[in-house]
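J.: return a 3D structure for these sequence lines:
(chains A and B)
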Amino acid sequence: GQQVMQIPQYQHVQEGEDFTTYCNSSTTLSNIQWYKQRPGGHPVFLIQLVKSGEVKKQKRLTFQFGEAKKNSSLHITATQTTDVGTYFCADSGAGSYQLTFGKGTKLSVIP
Amino acid sequence: GAGVSQSPSNKVTEKGKDVELRCDPISGHTALYWYRQSLGQGLEFLIYFQGNSAPDKSGLPSDRFSAERTGGSVSTLTIQRTQQEDSAVYLCASSKQGRQPQHFGDGTRLSIL
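T.: From the prediction side, this is the model:
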C-alpha cells in the first residue's frame, strides 16, 4: 500500500527560529492534507494541496506541493510557543478515500 | 456548531472483555473514519464509511474488530476479546465527503489491563 514518509521525527527549535517538516512518497501524491495535533489533543486540519507546485500560506505557515507530486513541505517562520505540537501530512492516493498519515514531526519550541 | 463527539472519553477494561466505542459525526457529513493512535505514534487507519456504500474495512487489524454505522450517522467500533496491544486512543473523524478535510473527535483512550 501507499507509504508516506515524514522527516524529521522530532525538531527542537529556539523561539523565533524557523521550522520545516517534509513529507515524501515513492508514489505520486494526489491529495495532501496537513494536520496539527497539540499535546493531549486531536488532529486539526490545516490545509489541503492538490495541484502540482501549489504553494499556500497561512500567516507564518507556508505549505508546498512538489512539482512532481512526490513531496510536500510545511515551513513555519519565526516559531512561537503556540506552534508546539505534532504536524502530520496525509494523502489519500489516486482513487482512494483512505487517508494514509505520515508518522508526524513533533515540534518543541524553547522559549 | 457541534463537532465530532466520541464516548466514552476513557475506558479501562480487563483483557478478554468486549468494548464498544461510539462516534457521533458532524451533522450532514457523509464520510466517517476510525483511526487508532498508539502513544507517541501516527494515526493508523481502521475503517471508512461513505453514505450507504459498503465500508472500507481494509485497515481493521483482526477479526476481533468490527464497526457499523446506523442510519448513515452514529458509528460504533466494537473490539471483542480485547488484548493488551489494543490499548491506544481510538479517534473518529468525519468529512462532508470522502477526500475532504476531516474533523476529529477527542478520541477514546482505551486501556486494557
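J.: what is the neighbour count of B:Lys57?
T.: Residues lying near B:Lys57 (other Cβ atoms under 10 Å in any protein chain shown) number 13. For the C-beta atoms, the positions are set from N, CA and C on the backbone; glycine is no exception.
J.: what is the closest residue to it other than its chain neighbours paired to in the beta sheet?
T.: Among residues not flanking B:Lys57 along the chain, B:Ile47 sits closest, at 5.3 Å (Cβ to Cβ, 6 or more residues apart in numbering or on different chains). Legend: beta-bridge partners of B:Ile47 under DSSP bridges are B:Trp34.
J.: what about B:Ile47, how many neighbours?
T.: 22.
J.: what about the helices in chain A?
T.: Taking DSSP state H as the criterion, chain A carries no helices.
J.: and the pLDDT at the residue nearest to B:Lys57?
T.: Listed pLDDT for B:Ile47 reads 95.
J.: next, the contact list for it, please.
T.: With contacts defined as Cβ atoms under 8 Å, 6 or more residues apart in numbering or on different chains, B:Ile47 is in contact with B:Tyr33, B:Trp34, B:Pro55, B:Asp56, B:Lys57, B:Gly59, B:Leu60, B:Ala67, B:Leu77.
J.: just curious, which of the residues you listed is nearest to chain A?
T.: Of all these, chain A sits closest to B:Asp56, with 6.0 Å by Cβ to the nearest Cβ.
J.: which residues touch the residue lying closest to the closest one once chain neighbours are set aside?
T.: For B:Asp56, ignoring the flanking residues on the chain, the nearest one in space by Cβ to Cβ, 6+ apart is B:Tyr48 at 4.2 Å. By Cβ under 8 Å, 6+ apart, B:Tyr48 lies in contact with A:Tyr97, A:Gln98, B:Ala31, B:Leu32, B:Tyr33, B:Trp34, B:Pro55, B:Asp56, B:Gly59, B:Gly98.
J.: could you rerun that using 6 Å?
T.: Applying Cβ atoms under 6 Å, 6 or more residues apart in numbering or on different chains to B:Tyr48 gives the contacts A:Tyr97, A:Gln98, B:Tyr33, B:Asp56.
J.: which residues does the second one contact?
T.: I take that to be A:Gln98. Counting by Cβ under 6 Å, 6+ apart, A:Gln98 makes contact with B:Phe45, B:Tyr48.
J.: quick one, phi/psi of it?
T.: phi -80, psi 120 (degrees, to the nearest 10).
J.: check what pLDDT it gets.
T.: With respect to pLDDT, A:Gln98 has a value of 82.
J.: how about the residues of chain A near chain B?
T.: Proximity of chain A to chain B (Cβ under 6 Å from any Cβ of the partner chain) is limited to residues A:Asn31, A:His42, A:Pro43, A:Phe45, A:Ser92, A:Tyr97, A:Gln98, A:Phe101, A:Lys103, A:Gly104.
J.: now with 7 Å, please.
T.: Applying Cβ under 7 Å from any Cβ of the partner chain, we find that chain A lies next to chain B at A:31, A:33, A:42-43, A:45, A:48, A:88, A:92, A:97-104.
J.: spell out which parts of chain B neighbour chain A.
T.: B:31, B:41-43, B:45, B:48, B:50, B:56, B:91, B:98-99, B:101-102, B:104-107.
J.: what residue in chain B comes nearest to chain A?
T.: Residue nearest to chain A within chain B: B:Gly98 (3.3 Å; Cβ to the nearest Cβ).
J.: would you confirm that that residue belongs to a strand?
T.: No: assigned with DSSP: H, G, I helix; E, B strand; the rest coil, B:Gly98 falls outside any strand and is coil.
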